[in-house]
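Novice: this one's structure only:
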């Protein structure tokens, strides 16, 4: 540390160091963009600089980023966004009338008819109305109130905000939040940041990653010894595990939440991503209301959706919403106040969300193209989900549940004891060692299972099914070959 | 509270109530969108429904929302955004070549050449490079490293993130952060949310809201009795106070920060909004580096900028950046990790920021129009700044410092004792009572000075100078008449 003196005052070193920074931030981990991805970006740069590698490109199957993997944007969505950005195009006869109609409606709802104006902090009112109508249609007519809709900066923003409202207490009364293991690490990161207690409940890998109320109860009772469990988070369809919950399971979970006085947080951002035969997306809200008034009038819940997944894959726009149900009106006022501090979610993302919840109708000119594009994306994803499961399950030492929904597979990998020892020698957890070797040797970037949580002694990785089919086949073949080579090396 | 029993378990009331929610959130206040604005929105609805009022429209001069006040977007910015949204338009000969060139460059830097892909969490690399070059040019060649640039969701996001890194300790060692009074209430809101200690230093209203090191020292020494002051926030040009700091003052502040071991946070989002003759924007970074290596190599600093203000006024896109200087590399790694949890700032906002830092050049086809539009906006603002000061200073009981920069005036209003008593009777702070009356009677929405902080016993309001000139004149005349009427009523 340099000791330059100024005006006789010695330099006392940095104000802000790792030792003197927010300790909660230090505990935050987010594996989806962790060290392995940083290394992948480095390797990409090395390739550009001409460094020789056993491969010519890095395939990043670490994150659900559809457009980055070559998926094309839906024409209708982008036409309306262009019209909203540069309204002079409304005079252009190249754009279909329904796209213009949507753009005009959105612009009329904006301050000064510009998407460059701030919106209401809760989101543009007519878009919240459209969201409510979308939910009603989705849920077979169960009513949705636009006042309960909060537009957000992607789903992540709303999830963190909701968790923040819930956190209080100290020591044994500190708020605990139940999350699935494996989980999407936004949850663990947000809980670390907020200083809340993470309560793990395990999904049952042997039953296609299903939720089990006995396990929920075990986990809750154990947690009650040292914290105050207040909320239960569910991701359905599952991330990273790709399961789609049965209606019965959802009902059991709601009953459990009611009995145990837990606030439900239903992460439903993959609601259109259901592929497996016999599987269907059931929203927590619909099931809640079908269980009758003693549930639908009492169980507090928030449900989250996003423009980043499903057939759109528009991650960069950071659009999303949450619907809150049975929230205490005074808490809602606090929530509205809290979101006002950040002024508003990005308006282009709000506009995009409006199109997602209010797509072209059969009598409108863009309908045919829109449906064709939408169906193509979802059918290709379904095909890739099957392909992935089939190919992985042929590899000795890899077992893979069906990818019923979402965009990921989370196969279990058997690692030889010598590989585990070697990893420890290198100071890495075994699945990180495995994934790093795969990246260095094959140019494939996956996320180690340890970044999501897994049962002690088991190893996994998360891979997206987003690469184009031909490339996905290459990826699966390369992983197959790598796994065999790796297993032999350590046998 | 209803007591419905289910499965023999009685209903125990809401999980989440105001009594059981995060106490820090309850302490958050954000006057710019507080109760007065909620009432303004309500009145707008009443007007729409045909309720008779003494006015026909509500003029919202509460927030720096340029487009909502009728300012037109800059053509070049919107052309490029439309091209990025719908790249098919790149074939359209209606768009100028430089707009197409910028759009292509941005798209090439996006995953899958789509602004719908996630970007790097720190922001798109080539945009960070452009930001660094912009800063170098602005600061007369002082070097800027793209690795020190973090793109953000508006400036608010970066400010909150930076504050979050700084917060630690408990009780007397809890982090304290110095903010000006009057302040922009994002700061007090963020500090409340983070449970940090707010340390007030007062700007000198008699000296055009200037900063004074003796006052900084007084404030710091008082705070050291009960917390651990670690950071000093400055807004220049000032919000809500509109002052532009002199070079000398900035130098004094930097010297103070060094001597007292404080992290500097320079909120410079109004850097293009300087109107008064003899005033000039000096960036904290430039002054820091001109003070020599004993300062430029030691003082830790973050500077914030945004696409929401200046001549663009593109609030809805939520674009912004921060530059960190002399930040400990390990802390920077923690910062990079922290921002990765939210994946990335909105990509359309990043694209917009790129155009702001890399505008059309004199040899490019869009240059003339761009400069004409930019100059018109800034000249009109300068004219409105002068008009506002002149008109307010003619009103007995209103005194107003020159609006040297930014977008606001923060005049002092003299309230009769009887009005103060009446406000207390109504359970309101006096300036809130005044502003509410103004809203109800004249349809003008301002923010009471108490929302920003002011010296005990003084009263102010914040008003934006953004309404179009003719409307601004009406606003100023109405406030003048109201103030006289109000003063008479309580004399």
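Specialist: That came in fine, so what should we check first? Just so we're clear, the structure is a prediction, and the values are computed from it rather than from any experiment.

Novice: Does chain B have contacts with the longest helix anywhere in chain A?
Specialist: Scanning chain A for the helix with the most residues, using DSSP state H, yields helix A:367-393. No - using CB under 8 Å from any CB of the partner chain, helix A:367-393 never reaches chain B; the gap is at least 12.4 Å. (C-beta placed from N, C-alpha, C; glycine too.)

Novice: That helix: how far from the chain's middle?
Specialist: The chain centre lies 19 Å from the centre of helix A:367-393; the measure is CA atoms, centre = their mean, to the nearest Å.

Novice: which secondary structure elements does that helix contact?
Specialist: Counting contacts by 3 or more CB pairs under 8 Å, 6 or more residues apart in numbering or on different chains; DSSP states H and E, helix A:367-393 is packed against helix A:75-85, strand A:398-399, strand A:408-409, helix A:469-489.

Novice: Tell me which of those is the most buried.
Specialist: Across those, averaging neighbours per residue (mean count of other CB atoms under 10 Å in any protein chain shown) puts strand A:408-409 on top, at a mean of 28.

Novice: What mean pLDDT does that one get?
Specialist: For strand A:408-409, mean pLDDT is 96.

Novice: Please name the strands paired to that strand in the sheet, noting orientation.
Specialist: With DSSP bridges as the test, strand A:408-409 is paired with strand A:459-464 (antiparallel).

Novice: Would you mark the buried spots in the strand it pairs with?
Specialist: By neighbour count on 16 or more other CB atoms under 10 Å in any protein chain shown, the buried set for strand A:459-464 is A:459, A:460, A:461, A:462, A:463, A:464.

Novice: Can you tell me which of those residues is nearest chain B?
Specialist: Among the buried residues of strand A:459-464, residue A:464 lies closest to chain B (CB to the nearest CB), at 12.1 Å.

Novice: re earlier: pLDDT and distance to residue B:407 for the buried residues of strand A:459-464 - can I get that in JSON lines?
Specialist: Converted to JSON lines, those look like this (pLDDT from 0 to 100; distance: CB to CB, whole Å):
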{"residue": "A:459", "pLDDT": "97", "distance to residue B:407": "56"}
{"residue": "A:460", "pLDDT": "97", "distance to residue B:407": "53"}
{"residue": "A:461", "pLDDT": "96", "distance to residue B:407": "51"}
{"residue": "A:462", "pLDDT": "95", "distance to residue B:407": "47"}
{"residue": "A:463", "pLDDT": "96", "distance to residue B:407": "49"}
{"residue": "A:464", "pLDDT": "96", "distance to residue B:407": "44"}
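
Novice: between the residues you listed, which is closest to residue B:59?
Specialist: Using CB to CB, residue A:464 comes nearest to residue B:59 of the buried residues of strand A:459-464, at 50.0 Å.

Novice: tell me the contacts of the closest one?
Specialist: Residues near residue A:464 by CB atoms under 8 Å, 6 or more residues apart in numbering or on different chains: A:61, A:62, A:63, A:64, A:65, A:69, A:407, A:408.

Novice: Surely the third one forms part of a strand?
Specialist: No - residue state for residue A:63 (DSSP: H, G, I helix; E, B strand; the rest coil) corresponds to coil; a strand is not indicated.

Novice: Check the gap between it and chain B for me.
Specialist: 7 Å (CB to the nearest CB, to the nearest Å).

Novice: So which bits of the longest helix of chain A are buried?
Specialist: Buried, per 16+ other CB under 10 Å, within helix A:367-393: A:367, A:370, A:373-374, A:377-378, A:380-382, A:384-385, A:387-389, A:391-392.

Novice: how about the nearest residue to residue A:74 once chain neighbours are set aside, what does it touch?
Specialist: Spatial nearest neighbour of residue A:74, excluding adjacent residues (CB to CB, 6 or more residues apart in numbering or on different chains): residue A:373 at 5.1 Å. In this structure, residue A:373 makes contact with A:72, A:74, A:75, A:76, A:311, judged by CB under 8 Å, 6+ apart.

Novice: residues from the stretch 101-250 of chain A in reach of chain B?
Specialist: A:110-112, A:114-121, A:153-154, A:156-157, A:160, A:164-168, A:185-186, A:189-190, A:193, A:230-231.

Novice: out of those, which are inside strands?
Specialist: A:153, A:230, A:231 (DSSP state E).

Novice: Work out for me the element the closest residue to residue A:334 other than its chain neighbours sits within.
Specialist: Sequence neighbours aside, residue B:25 is the residue nearest to residue A:334 in space, at 5.9 Å (criterion: CB to CB, 6+ apart). Per DSSP states H and E, residue B:25 falls inside helix B:23-27.

Novice: after that helix comes which helix or strand?
Specialist: helix B:35-48.

Novice: for that next one, packing partners?
Specialist: helix B:430-442, strand B:444-445, strand B:447-448.

Novice: Output the contacting helices and strands for the longest one.
Specialist: Taking 3+ CB pairs under 8 Å, 6+ apart as contact, the helices and strands that helix B:430-442 lies on are helix B:35-48, helix B:417-425, strand B:444-445, strand B:447-448, strand B:459-464, helix B:469-489.

Novice: Relative to residue B:104, which of those is closest?
Specialist: Comparing the helices and strands packed on helix B:430-442 under CB to CB, the one sitting nearest is strand B:459-464, at 36.8 Å.

Novice: what's the most distant pair in the buried residues of strand A:459-464?
Specialist: Pairwise over these, using CB to CB, the maximum falls at A:459 and A:464, 18.6 Å.

Novice: Next, count neighbours for residue A:170.
Specialist: Around residue A:170 there are 7 other residues, counting by other CB atoms under 10 Å in any protein chain shown.

Novice: per the record, what domains does chain A have?
Specialist: A:23-70+A:378-489, A:102-357 (automatic domain parsing).

Novice: Wait, the residue nearest to residue A:334 touches residue A:340, no?
Specialist: No - the criterion here is CB atoms under 8 Å, and residue B:25 misses it with residue A:340 at 12.0 Å.

Novice: Residue A:174: neighbour count?
Specialist: Residue A:174, neighbours per other CB under 10 Å, totals 16.

Novice: Pull the contacting residues for the closest residue to it other than its chain neighbours.
Specialist: Residue nearest to residue A:174 in three dimensions, not counting chain neighbours: residue A:227, with 5.1 Å by CB to CB, 6+ apart. Residue A:227 makes contacts with A:172, A:173, A:174, A:175, A:176, A:197, A:199, as judged by CB under 8 Å, 6+ apart.

Novice: Tabulate these (a markdown table), appending pLDDT.
Specialist: As requested, the contacts of residue A:227 are exported to a markdown table (pLDDT from 0 to 100):
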| residue | pLDDT |
| --- | --- |
| A:172 | 94 |
| A:173 | 94 |
| A:174 | 96 |
| A:175 | 97 |
| A:176 | 98 |
| A:197 | 97 |
| A:199 | 98 |
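
Novice: of all these, which comes closest to residue B:21?
Specialist: Lowest distance from residue B:21 to those (CB to CB) belongs to residue A:175, with 9.8 Å.

Novice: wait, doesn't that closest one sit right on residue A:164?
Specialist: No - using CB under 8 Å, residue A:175 is not in contact with residue A:164; the gap is 10.3 Å.

Novice: between those two, who's got more neighbours?
Specialist: residue A:175 (24 against 19).

Novice: which stretches of the stretch 51-200 of chain A form helices?
Specialist: Counting by DSSP state H, counting those that start in this stretch, the stretch 51-200 of chain A has helices at residues A:75-85, A:97-108, A:125-138, A:154-166, A:186-194.

Novice: Thanks again, I'm all set now.
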